[in-house]
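Colleague: Fold the following, please.
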Amino acid sequence: MPSPAPRLRIGFILAPRFTLCAFANFVDVLRLAADEGDRSRPILCQWRVLSPGPDPVPSSCGVRVSPEEPLGDPKRFDYVVVVGGLVDEIERLHPDHTAFLRRAAEAGVPLVGVCTGTFILHRAGLMNGYKACVSWFHHEDFLHEFDGLVPVSDQIFVVDRDRLSCSGGASSAHLAAFLVDRHIGPAAARKSLAIMIIDEAMGAERPQPGLPLELTTPDPLVKRALLAMQQSMEAPLGVTDLATRLGVGRRRLERHFADALGVTPREADRRIRLAQARHLLARTDRSVARIAAETGFCDASHLIRTFREAEGTTPEAWRAARRTMS
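Modeller: Next up, the predicted model:
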């Protein structure tokens, strides 16, 4: 008896130095939805890596992936997914890839940008008039690259008609699950995520974890400082220690924060830790005391006091209100 025709066919274009985990998460959701159990036969879903030549494509971690088919006719796919990676490398996409993407758009094939794949679609002129999702980490890079276009960086993915985009990483699994749900069914999507030890499918509107958007900046020194704050959240650095780690004087660091963000380093650190506390309150059942310890507050009372000043309510009341609305 012949196998049923696939309900979801995906063509992948991998940019030089693409993000391996974003590609692997997307593919594994398809793989697990395509067959019964975990036998990995591409029955209900099919996916192919496309390239104009046979050379393997290097990922940002050095692992290389070999293409499986030439570019050919884009209409043989239900979606064409572009997986990006290092921002400095996206200009190296082969011109035949760009021409293929334009043919796909002309043929009405939906295009998907994963990680900085959205940058690639924009550079090809294929995102004009569409909303686009970009990781908070690349928000300023996108604004610098594309004047006048403001990306969505407070959601994990965006679906705007025949353009889909996601921030990369784990969010690519959720975008893939969205497509599986749409074309195969919710049971297949839930099964894929469950086998991947992902609790539930996240909707597009789920906020990205990361730095608050009001703290995004092109200033390289401030960006380094913000990332250092994020990495030392459980044991916050004093401003002097932070400046020493970055190899600059305290006054210089404070001037850069004032010019770039209009806040002190201490206030920026407080906002980062509050943002993570809100994330944990919304996404977990952890106690306020545990969240306080994980986000660098002295104790639960310190977190409650700071949280009330920022939100006008206690952490537990904020959590309960969020769950009532969802």
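Colleague: So which residues of the stretch 151-300 of the chain form strands?
Modeller: With strands called from DSSP state E, counting those that start in this stretch, the stretch 151-300 of the chain shows them at 157-160, 163-166.
Colleague: nearest to Phe142, of the ones you listed?
Modeller: Between Phe142 and the strands of the stretch 151-300 of the chain, the tightest spacing by C-beta to C-beta is seen for strand 163-166, at 10.9 Å. All C-beta atoms are positioned from the backbone trio N, CA, C, and that covers glycine.
Colleague: ok, and for that closest one, which residues are buried?
Modeller: Neighbour-count burial for strand 163-166 flags Arg163, Leu164, Ser165, Cys166 (criterion: 16 or more other C-beta atoms under 10 Å).
Colleague: cool, and stretch 251-271?
Modeller: When burial is assessed from 16+ other C-beta under 10 Å, stretch 251-271 yields the following buried residues: Leu253, His256, Phe257, Ala260, Leu261, Pro265, Ala268, Asp269, Arg270, Arg271.
Colleague: Now do that stretch: distance from first to last residue.
Modeller: 21 Å (C-alpha to C-alpha, to the nearest Å).
Colleague: any weak-confidence spans in this protein?
Modeller: Residues of the chain that meet the criterion pLDDT under 70 lie in 1-4, 37-38, 136, 138-140, 143, 147-148, 154, 201-211, 213, 326.
Colleague: What are the contacting residues of the lengthiest helix in it?
Modeller: In the chain, with assignment by DSSP state H, the single longest helix is helix 265-283. Here helix 265-283 makes contact (C-beta atoms under 8 Å, 6 or more residues apart in numbering) with 207, 209, 211-212, 214-215, 225-226, 229-230, 233, 236-237, 239, 242, 253-254, 257, 261, 263, 286, 291-292, 294-297, 303, 306-307, 310, 315, 318-319, 322.
Colleague: Now tabulate the buried residues of strand 163-166 in JSON lines and tack on distance to Pro95.
Modeller: Shown next, in JSON lines, are the buried residues of strand 163-166 (distance: C-beta to C-beta, whole Å):
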{"residue": "Arg163", "distance to Pro95": "21"}
{"residue": "Leu164", "distance to Pro95": "24"}
{"residue": "Ser165", "distance to Pro95": "22"}
{"residue": "Cys166", "distance to Pro95": "25"}
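Colleague: Return the member of those residues nearest to Phe119.
Modeller: Taking C-beta to C-beta as the measure, Phe119 lies nearest Ser165 of the buried residues of strand 163-166, at 10.0 Å.
Colleague: Domain-wise, how is this structure divided?
Modeller: 8-195, 213-325 (automatic domain parsing).
Colleague: looking at these, which is buried most?
Modeller: domain 8-195 (a mean of 20; mean count of other C-beta atoms under 10 Å).
Colleague: That one spans what distance, first to last residue?
Modeller: So domain 8-195: terminal residues 20 Å apart, C-alpha to C-alpha.
Colleague: any idea how far it is from the chain center?
Modeller: 12 Å (C-alpha atoms, centre = their mean, to the nearest Å).
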